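S.K.: How does the following fold in three dimensions:
(chains A, B, C, D and E)
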Amino acid sequence: MELDFSNQAHFIVALAPEIILAVWGMVILLVGVSSRGPTGPRASTELGWLSLVGILAAVLANGWLYGVTEVGTGSMIAVDRFALFSNWIILAGAGLGILVSQNYVQRQGLQAAEFYVLLIYSTVGLMVMTAARDLIVIFLGLEIMSVAVYVLAAINRADGRSAEAGLKYFLLGAFSTGFLLYGIALVYGAAGSTHISAIAESVANGTAHGALLAFGIALLTVGFSFKVSAVPFHMWTPDVYEGAPTPVTAFMSVAVKAGAFLAFLRVFSVAFVDAYESWWVILWWLTVLTMVVANLIATVQVSVKRMLAYSGIAHAGYLMVAIVAANETAAAGLLFYLLIYTLMNIGAFGIVILVSDHGEERLEIQEYAGFGWRHPLLGLVFTVFLLSLAGFPGTGGFIGKVFLLQGAMEANLVYLSVILVLTTVVSYWYYLRVAWFMWMRDAPPGPDVHTIHVPVGMRVALIAGVILIVYLGIFPGATMEVARSSVSGLSVIGPASIGLAP
Amino acid sequence: MTQFGLFLMQAVGLDESQGAWEPLFPGLIILLPLLGFAVNGALALSAARKSADAVRAGGEFDFFENGRPASHSLPTWVGPGVMLLAFLLTLVNFMGMLGAELHEPVIRSYWAWITTGELNVAAAIQLDQLSMIMMMIITGVGFLIHVFSVGYMQDDPGYPRYFAYLNLFVFFMLVLVMGASYPIMFIGWEGVGLCSYLLIGFWFSDEEKASAGKKAFIVNRIGDLGFLLAIFVLYLVFQQVDYVGIFGDAESIFEYGGPVITTVTLFFLLAATGKSAQIPLYIWLPDAMAGPTPVSALIHAATMVTAGVYLVARSSVLFALAPLSSAVVAGIGVLTALFAATIALKQQDIKKVLAYSTVSQLGYMFLGVGVGAYTAGIFHLMTHAFFKALLFLGAGAVIHSMHHALHHTHKDWDAQDMRNMGGLKAYMPITWVTMWLATLAIAGIWPFAGFFSKDEIIWMTGAMAGAENAPYQGLYTVYWIMALAAAMLTAFYMTRLMIMTFHGQNRTGPSEAEHLHEAPRTMWIPLAILAALSVFGGWVNVSTDLRESVLGGLGILPMSDWLHLWLEPVTEAAHRVQEANLGELAHAAPLGGGEVAWGLISTVAALGVVLVTARLMVGRKVPVAAEDAEPTGFSRILFNKWYVDEFYHRWVVDPVLTTSRVLWRVVDARIIDGTVNLVGNATRAIGWVGSLLQTGQVNTYVFFMTVGVLVILAVIGL
Amino acid sequence: MTEVLFFVFAAVALGGSLGVVVSRSPVSSLLFIVATLASTAGIFVLLEAHFLAAIQIMVYAGAIMVLFLFVIMLLNLGHDYRGDIRGRVAMIFGFAVTGGMGGLLARQLGSGSAGLETNLGAGDAIDAALLEHGAVGAIAQPLFTDYVVAFELTGILLLVALVGALVLAKKAS
Amino acid sequence: MLAESLVLAGLIFVVGTLGVIVRRNVIIMFLCIELQLNAVNLTFVAFSRFVGIEGQLFVFFVMTVAAAEAAVGLAIIISIFRHYETVNVNRFDLLKW
Amino acid sequence: MLNALAYQSWVLHALIWLPLLGMIHVLWRSEDRAKVLAVRWSLVVFVLSVGLWWAYDPALGGGYQLDSTRPWIAAWGVNYALGLDGISVFMVMLTTFTTPLAILGSFNYIQKRQKSFYALMLLLEFGVVGVFTAVDLFLFYVFFELTLVPMYFIIGIWGGERRVYAAIKFFLYTALGSLLMLVGVLYIYARGKALLGVSSFAFVDLLQIPLTPVEQMWLFGAFALAFAIKVPVFPFHTWLPDAHVEAPTPGSVVLAAVLLKMGTYGFVRFLLPFFPVAAQHPTVVLVMLTLGVIGIIYAAWVAAVQPDAKKLVAYTSVAHMGFVVIGIFALNVNGLQGGLLVMISHGISTGALFLLLGMLYERRHTRLIEEFGGIGRVAPWLATAFVITALASIGLPGTSGFVGEFLALLGVFEDHPGIGIFAASGVIFAAYYMLPMVQSVFFNKLEKPENRAVQDLSRRELWILAPMIALMIVIGVHPTPLLRRMEPSVQMVLERVYAAAPPSAAVSESLSESLRESLAGSFAESRRAASGAETAE
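M.R.: Now for the predicted structure:
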């Protein structure tokens, strides 16, 4: 039996960044485990830089892909602008994640090679997932990412909380995978294919089996909602974010969430766009619940890390508005916001990593009393990140939020927008609370025993984050254009305008 | 003063119409006191700085240690000086106007004050007969009081500040009477209130005095509200606020006795009751005696408190068009006149007696303008300015002397309590004589000034009661009787004051009595001039009926109807309205009898009261204040001023304060802010409850996820 | 015949799954699930997915479940299962929720799939492929061509799992 | 037979879900999740009969994923067992609220 | 000369960006240089802004002048568009005038972390000038929100005991409103895109969008809430006393003088012209007027019983802003002009009051009224300045406070006499709250030894207060130049409002017309008829 691969050769091009990264992951694995590899205290830093080289190569490849013409929308792997923009976001998340984790990995004595390798492979999984046009591939990408992150969450074997985080993430993740899979199965049964273009076609011309499709969509919603941590499928998030090593949390909160959202968007706005009527109400309510519940609970958190976890859930709520709105503006807003979110959230976690200088200590908000005056630059940087998270003018967070709101407005989702801003007000409380501890409380008397050393990688990440956030807050035009052109490559745009939400 | 002006006019040969009249620097009249204020104010500020340094060091700065410093000598010349210049300038203009036979007011507009939309208020002054007579009183009497003050206040460390305030007061008072529109008048209206506030509380370290100033200001503001509202209504109707425009159109636009004009005039009445201390807002004036006595003379007797009368006279057309309001004005006036007079009967503080006397006399003026006798009201305003200023200044001289005497022996007696005085005529003969003249004038005894003005008011009240078409005729009869009664009371309490102060045994104490002395020259000369005016001032306006009679000097008095004629251009519109609507006024009093007869009756009666009172009281032994028993019975009620202050406190001030506290503590802090905080706290509380669901138990998480799935499936499947 | 077999397998599968949930010992749970997997494999055969039926037995019921058993033994979990099943309230809620879900699913799937059996001739295509390539080949053909990307991805997945298991399970150095 | 298979799969799935809700032994919870996956597999196979071979391919991939998850999952369970000396999930509550 | 320098073309940009440059400069240099630099920069800004008085020419109509537009976020049609009209020109000048004085007034008060403080003050100026000069709604919103941050830190870091509570409350409360407004902004924008195909946030473009009455009502609500909280209008005012009491002196000054004006400015700039149908809906007007009147009276009463002088003045702000609100919703020229003038005058007089209270606080370290007494004896100049300012604040004629209140009340009275009467009673209560405080602090016996040590004004303090007091009097005596400059723009706003209503619904004029008519005797009627006939011919 001859196998003819000529039709598959283009995958090598289409998946160039992923392949580069995957291969690079193996290289690092080999370097890391070989006796000639880097040893001693600097090992993790060096491996980190090495991993960044891979990320950089993937970035270059991704840029190169802009010059490549796609073979057609029938391909399982998309090389459209959307996928490429998604790659930027994910690679940015991964790169920044590596930068903020170098010192941490070293001081916690984690297994550096494995750490970076898993991080790289989860990146690969994410990139595959966002580029995929076939539910099978999406599922596999998701699983690669998930399995890697399960391990990453539990990777600090010295810490029971890390293990607990890993276990919870794993158990609940696997549980949700069941729903996702079941959904895929039902959609497959209803539409007769796992390829999203084919599904879209079948949904559009009505050949898809209505009852099965509806349940399939519902279960897919559940599956994706879990990954993006939408209420009530969010309950793993705070525990896992709190327990996992902080750099992993940072990475999870941005890249993983971004990947999930991008796949979510692609599936729902391409495959199910014509079934919009059947799913938008569900998503509308999930969105509302997510925004409200997350923001409310975040107000009572005492741990900054856990607060940021709830903040991440809240942001998921904001981002889901874009999916409910299902139009070009909203989709572009989603891309733009994810980019901003990646920058600011990693930045915020970066500061948390710096403050918790001996591992997972000093996470409580009280520990930040007087922080701003002891470390003015770090305080300022953190303040910018917080303001951006809160969505304040002058930062990218604001532009992103406005972008999302515009999408909602175009879809006439007025109530949703109102709820979004009301919950944003609630969110001001907990973001500003950190700022007030930093600047308005005096540090405990006596000399500062916690000298904070900012390693190079962290410095790069923070500076890049702050500059980009402010830049995107003031001059968002070019990036917005790119985001918009990226979604116009996504073949499907939702209904222009629908009625008011329930 | 007007006599003098007349004389001058004739002397320089100004006569009858001389074509269009150009006023001479009218703006300068206003500006001069302002200039004085600026100079004195600057001196005051620098002096205060010195004094403050001393106070901070724990002592008091003695300005007179090394002779008078410039800050305490310059005001002597600047303060009265600007007043003299202003007076002379006024005089020149007055004479000019006398010769010009002006029928239309002269208006000088300096700049556009408020210009927006259709509203156009110019910073303009209006010179007409009414404002001219007021300016004469203000600058003339004002000048005299400034001179008096030099003597009275010269030892006070706040000397420059005093003159600064006094000059500022004159400035605002001139703005009040010279303004060409209601808003400009309102500037003066509130400005004089401010100065009154500052001067009452001149010795601000004394809480009682400072509070008195505050009370005056706040009560006045209640009246000012009426003023504002009246302006608003007028603007609404006329789309302008200038006198000329409003008075020109008023007759054609307003229906006689219509609701709107009644509203406007009642608002104005509210304003007037505040400024002129009429029921129900008179309560601040007795307290205002806390200020230096010359201030009481100038502000709380001669000028500011008459602003309400001026307002009504100025708006005579409007009030003429509103018979109801006029009746209310007259009613409030006569009621106040009688009411205040009863209180004055039992006061022991010399200034309090004069204060209630002022309230009472202002009541007469209100009665006058209320019955449509605008000229009579202004006439009484003028004569009252003379004799009441004299009385206050005289009282000031007495207090000054008493104060010095008591100060010498450090006796902590009240220098103002008449029970501590007695027999002062021996020590202060000039004061004694001049004050008796004023007393006779205020008592309405022929031929003193007060007789002519008061008699005309009472007579006009009677005439209204018998007018052809006058509404509320019975009411006016009552007014007339009340007015007569009040006149008798006036004669009584003034005689009582004079007897207690100047006659009988001296009660000051022997060692103190040695230090009692006559007032210095700067103080008694103004007294003398005012005394002359109190005697002769009434002769400029002997009414027609009296002119040829014995009471009118059998017609030998020159220009005896002068004020009527002089003010005719201002009041003619009002008179026209009155004639058209009221018909002819009665020529006999309600009880019959003509003006001459009633003039005689009232003079004789008043004189009788004076003589009887004097006879009864002169020999009576008066206990000094410290040993006096508490009054009992009805006199206790009078002594306590009918408990009106207490009434206001109980039913107005306290409720407002209590309500304010409730609003703050309950409504603001609990309800409104409580709601705000509740929202915040509830948000967090809900968040806290929500966080409890996050149990850390995987089973729980799974359960909630499954519930979510179930709900979603149910929504889709059902 | 097929019908009868189907219902037998179905009964065993369902009963087995219930056994997993209710049995106290992890080991018996494990045995119940093996039963379920095996009967499912039987149903696979009835649905003419022969290859899947085979690997279901070998890989799933065999290898994976043995791994489970290995871990159970390793952790020595044979005895202490008091408190393993949650309290009555949780049970009631659990049954209510899952019962509702089951009802909904059964209703929707039972009636909802009605039109599907008739209008597609995919079964014939599968039969043809089976005839042409054999049971393994019918799957292998698309697996290595159309779905080669997915296949390669499973490679990465397994690599990740390998590294992960290694990282976590190896003794701390 | 499609409908019957689908319903059966659905029921097995639900039972699996129930197991995850009511059991506290991590391993049994994991087994219940495997039950769910098995149910999905059944669904795929059932559909595959009427839709196309991709369903069967999918089952193949799901089995691979199940294997990978089992490896990692059991490793995590071993790892956590080292800290808590138990596999009872309600003891794993350091992280909450 | 202004023309020779091309002043018109760059001044607005300079006014916005110079404070920001100054901020960077301040941050760059050492701690002890900060205050001098901050004063210099803000003075430069002020000096530059003075030219606006001449550069803005009311003869050219009420539209925007000195305007310039550069694309900012092209995709959304957002422009960096600046301009001034008669309404905003004085707000800008008020800002540039107040900021240097506030900075000067903080020399003694701010002892720690000076650099950050002065940097934040300049940042605040940047934001506020931006608010008043932006003619692009998006830009406006950005600046509007931006002002929150520096103020939050100014209150929270340099404030009093409960500073954090006050700062948070200030921030959350005002943000709540402005975020709802953001939804409104984007809704309008979306409507513009949908109905006209215009992607723009420019005021002029947004004004073209035909919003339905229902939409207008909702949007009015969203905008009104945002601005009402900012103003603050009763019952949204409770953040203000807290913020004022806790804020450091300069913070209070800027808060009172400028930040509150952003709310009322929003009323004039947006509520009236953007939603004319809603703005003149009888119920809306009634509600706004009622809230304004309640604010006037209620705040005055509450102020009167405050033991804390600063809190008292804070409540008076609420009362003053009540005058502004009723002036604006009088919906006629007098009312609007009055409202705007009260804004200016309140900015100066209340700003000065806070400065004076700050000076007292620096001397005595307390704000409790009962702790003072007889201060006039030891600090006569301070007392004089305070009394003058207090009198301006309670609207004594001849001071700036009067003209505005007079016009605002007049405006209300023209169309709503009943409400006007209640509102006017505020003049009584102004005396009721202010004079007792003045008495207790400056008059009465000098009993406490601490008070005896109080120093009089220093030269610096004198320089701060002198221009403010001078302005209070100058504006009070001759407000016409201001009124003339504002009038064309005010007229434009009103034209816009009334253009939206059917002729019969135009409330203004109608009352006064009908009143005149009903009053007029037959003579006047015939006269009017005659003159009407003449014009008809």
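S.K.: for the chain, what are the low-confidence residue spans?
M.R.: Assuming you mean chain A. A:1-3, A:35, A:37-38, A:71-73, A:489, A:491-502 (pLDDT under 70).
S.K.: You answered for a different chain; I wanted chain C.
M.R.: Applying pLDDT under 70 to chain C flags residues C:77-83, C:114-122, C:171-173.
S.K.: Would you pull up the residue in it closest to chain A?
M.R.: Relative to chain A, the nearest point of chain C is C:G112 (3.0 Å; Cβ to the nearest Cβ). All C-beta spots, glycine's among them, are computed from the backbone N, C-alpha and C.
S.K.: That residue: what's it in contact with?
M.R.: A:209-212, A:215 (Cβ atoms under 8 Å, 6 or more residues apart in numbering or on different chains).
S.K.: Among those residues, the buried ones, what's the PyMOL command?
M.R.: In PyMOL, a selection of the buried entries from the contacts of C:G112 looks like this (16 or more other Cβ atoms under 10 Å in any protein chain shown):
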select buried, chain A and resi 209+211+212+215
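S.K.: Chain B next: which of the contacts of C:G112 are close?
M.R.: Among these, the residues that sit close to chain B (Cβ under 8 Å from any Cβ of the partner chain) are A:F215.
S.K.: With respect to chain C, which of the contacts of C:G112 is nearest?
M.R.: A:A211 (3.0 Å).
S.K.: so that closest one sits right up against C:Q108, yeah?
M.R.: Yes: counting by Cβ atoms under 8 Å, C:Q108 is a contact partner of A:A211 at 5.5 Å.
S.K.: which residue sits closest to B:M83, ignoring its sequence neighbours?
M.R.: Nearest residue to B:M83 in three dimensions, chain neighbours excluded: B:F143, at 4.1 Å (Cβ to Cβ, 6 or more residues apart in numbering or on different chains).
S.K.: Check which helix or strand the one you found maps to.
M.R.: For B:F143, the host element (DSSP states H and E) is helix B:129-153.
S.K.: again, but for A:V117
M.R.: helix A:112-131.
S.K.: So what's the residue count around E:P449?
M.R.: 8 (other Cβ atoms under 10 Å in any protein chain shown).
S.K.: State which helix of chain E is the longest.
M.R.: Using DSSP state H, we find that the single longest helix of chain E is helix E:333-364.
S.K.: quick one: average pLDDT of that helix?
M.R.: Across helix E:333-364, pLDDT averages out at 93.
S.K.: just checking, what packs against the helix or strand following it?
M.R.: Next helix or strand after helix E:333-364 toward the C-terminus (DSSP H and E): helix E:375-378. For helix E:375-378, the elements it packs on are helix B:26-56, helix E:380-393, helix E:426-442, helix E:449-452, judged by 3 or more Cβ pairs under 8 Å, 6 or more residues apart in numbering or on different chains; DSSP states H and E.
S.K.: Contacts made by stretch B:534-554 with the rest, please.
M.R.: Contacts for stretch B:534-554 (Cβ under 8 Å, 6+ apart): B:2-3, B:6, B:375, B:379, B:382-383, B:386-387, B:390, B:437-438, B:441, B:446-453, B:455-456, B:459, B:555, B:557, B:559-564, B:594-596, B:599-600, B:603.
S.K.: repeat that with 6 Å
M.R.: B:2, B:379, B:383, B:386-387, B:390, B:437-438, B:441, B:446, B:448-449, B:452, B:456, B:555, B:557, B:560, B:562-563, B:595-596, B:599 (Cβ atoms under 6 Å, 6 or more residues apart in numbering or on different chains).
S.K.: Of these, which belong to helices?
M.R.: Per DSSP H, those map to helices at B:2, B:379, B:383, B:386-387, B:390, B:437-438, B:441, B:449, B:452, B:456, B:562-563, B:595-596, B:599.
S.K.: now the helices: where do they sit in chain C?
M.R.: So, for chain C - with DSSP H - the helices run C:2-22, C:26-46, C:50-55, C:65-75, C:88-112, C:122-144, C:148-169.
S.K.: One more: chain D?
M.R.: With DSSP H as the criterion, chain D has helices spanning D:2-22, D:26-51, D:54-84.
S.K.: which of the ones you listed is buried the deepest?
M.R.: Of all the helices of chain D, helix D:26-51 has the most neighbours on average by mean count of other Cβ atoms under 10 Å in any protein chain shown, namely a mean of 27.
S.K.: how about the nearest residue to B:A528, chain neighbours excluded?
M.R.: Spatial nearest neighbour of B:A528, chain neighbours left out: B:T434 (6.3 Å); criterion: Cβ to Cβ, 6+ apart.
S.K.: before we move on, what SS does E:F413 have?
M.R.: Counting by DSSP: H, G, I helix; E, B strand; the rest coil, the backbone at E:F413 sits in helix.
S.K.: Next up, the contacts around it.
M.R.: Taking Cβ under 6 Å, 6+ apart, one finds B:232, E:420 in contact with E:F413.
S.K.: Next, find the distance separating it from E:F406.
M.R.: To E:F406, E:F413 is 10 Å away according to Cβ to Cβ, to the nearest Å.
S.K.: What's the local residue count around E:V36?
M.R.: 14.
S.K.: what helix or strand does it sit in?
M.R.: helix E:34-50.
S.K.: Now do that helix: everything it contacts.
M.R.: Contacts of helix E:34-50 (Cβ under 6 Å, 6+ apart): E:14-15, E:18-19, E:22, E:25-26, E:93, E:96-97, E:99-100, E:103-104, E:107, E:114-115, E:118.
S.K.: which among those are in contact with chain A?
M.R.: Applying Cβ under 6 Å from any Cβ of the partner chain, the subset of the contacts of helix E:34-50 adjacent to chain A is empty.
S.K.: Which of the helices and strands packed on helix E:375-378 sits closest to chain A?
M.R.: helix E:449-452 (27.5 Å).
S.K.: Show me what the helix or strand encompassing B:V334 is packed against.
M.R.: Assessed by DSSP H and E, B:V334 sits inside helix B:323-345. Other helices and strands packing on helix B:323-345, by 3 or more Cβ pairs under 6 Å, 6 or more residues apart in numbering or on different chains; DSSP states H and E, are helix B:259-275, helix B:350-370, helix B:473-502, helix B:633-639.
S.K.: Past the shortest one, which element shows up next along the chain?
M.R.: Toward the C-terminal end, the helix or strand that comes next after helix B:633-639 (DSSP H and E) is helix B:644-648.
S.K.: in that following helix, what counts as buried?
M.R.: B:644, B:648.
S.K.: what does it contact?
M.R.: B:I283.
S.K.: quick check, distance from that helix to the centre of its chain.
M.R.: 21 Å (Cα atoms, centre = their mean, to the nearest Å).
S.K.: Which SSE is immediately downstream of it?
M.R.: helix B:654-662.
S.K.: Next secondary structure after that following helix?
M.R.: Using DSSP H and E, the first helix or strand after helix B:654-662 is helix B:673-693.
S.K.: Quick one: list the elements packing against that following helix.
M.R.: Partner elements for helix B:673-693 (3+ Cβ pairs under 6 Å, 6+ apart): helix A:276-298.
S.K.: Please save the CA atoms from the helix it packs on in CSV.
M.R.: Extracted in CSV, the C-alpha atoms of helix A:276-298 (Å, rounded to 0.1, in the frame of the first residue of the first chain):
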residue,chain,number,x,y,z
TYR,A,276,-25.8,31.8,16.6
GLU,A,277,-29.4,32.0,17.8
SER,A,278,-28.9,28.7,19.6
TRP,A,279,-25.8,29.5,21.6
TRP,A,280,-25.6,33.2,22.2
VAL,A,281,-28.0,33.2,25.1
ILE,A,282,-26.0,30.6,26.9
LEU,A,283,-22.8,32.4,26.4
TRP,A,284,-24.5,35.7,27.4
TRP,A,285,-25.4,34.3,30.7
LEU,A,286,-22.1,32.6,31.2
THR,A,287,-20.4,35.9,30.5
VAL,A,288,-22.5,37.8,32.9
LEU,A,289,-22.0,35.2,35.6
THR,A,290,-18.3,35.2,35.0
MET,A,291,-17.9,38.9,35.2
VAL,A,292,-20.1,39.3,38.2
VAL,A,293,-18.9,36.3,40.3
ALA,A,294,-15.2,36.7,39.6
ASN,A,295,-15.1,40.4,40.4
LEU,A,296,-17.2,40.0,43.5
ILE,A,297,-15.1,37.2,44.9
ALA,A,298,-11.9,39.0,44.0
